[in-house]
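Colleague: Here is my input; please provide its structure:
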Amino acid sequence: MQHHGVLKKSIPNKQGVAALLITCGLAGTWAVPALIDHLIPTKTMPAPETMNVGNVSFHPPQDFRVESQTDPKKVTLVHSDGSTIVVSTQSNVKDLDTAKHRKVTELQRDHITLNLEGNQCTVTSNEGKGPCGFAGENQEMAMVYELSPNKPHDITPLLKSITFKEDTHD
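Modeller: Numbering: from 1, shown residues only. Below you'll find the model as predicted:
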């Protein structure tokens, strides 16, 4: 028997190509918006006296501006000293303590460390550190945290101003 040293060329099958295209498309659904958010400067506007985020109303601190809000359940307030305050809301919260611990994991993905010790709540990141707090009522939860490169502002008045509206989306 004679063997002719013929090399077989490996050609990707149609399923492999389709799988690769689907994977790239799925990766683009989160990568492209994140890249755009990072590259395009964010516009700010003066904060109104009362703000609504999700099913929560609150009074933002004076001298903070509102970044353009793209997430209906989250808003970022910015100060000229570089401080940021984030207010986020969550609906259908069955257990407030469990939801708080889930926020720890969620913020870690954004490179923010959330420390919960007793009634104390603090956050730390490369952008600074500051206080945080939670409020909850009728299966609704609001989280407020500040990241400040300098001395943090007092977020207590903001936390105390939080009121919850009834969820109309069942």
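
Colleague: Could you use CA atoms for every contact and neighbour count after this?
Modeller: Will do.

Colleague: isn't there a helix covering Glu106?
Modeller: Yes: Glu106 sits within a helix when classified using DSSP: H, G, I helix; E, B strand; the rest coil.

Colleague: How much space separates it from Lys100?
Modeller: Note on Glu106: its distance to Lys100, by Cα to Cα, to the nearest Å, is 10 Å.

Colleague: the strands in the chain, which residues?
Modeller: Secondary structure of the chain by DSSP state E: the strands cover 44-46, 51-53, 56-58, 64-67, 74-79, 84-91, 113-117, 120-125, 128-137, 140-147, 163-164.

Colleague: Summarise which helices and strands the second one is packed against.
Modeller: Same thing as strand 51-53. strand 56-58, strand 84-91 (3 or more Cα pairs under 8 Å, 6 or more residues apart in numbering; DSSP states H and E).

Colleague: Determine which of the ones you listed approaches Ser148 most closely.
Modeller: With Cα to Cα as the criterion, Ser148 lies closest to strand 84-91 of the helices and strands packed on strand 51-53, at 6.5 Å.

Colleague: And Glu106 and Lys100? Which one has more around it.
Modeller: Residue environment comparison for Glu106 versus Lys100 gives the larger neighbour count to Lys100, 19 against 14, counting by other Cα atoms under 10 Å.

Colleague: quick one: that one and Pro46, what's the gap?
Modeller: For Lys100, the distance to Pro46 equals 30 Å [Cα to Cα].

Colleague: cool, Ala99 as well?
Modeller: Taking Cα to Cα as the criterion, Ala99 is separated from Pro46 by 31 Å.
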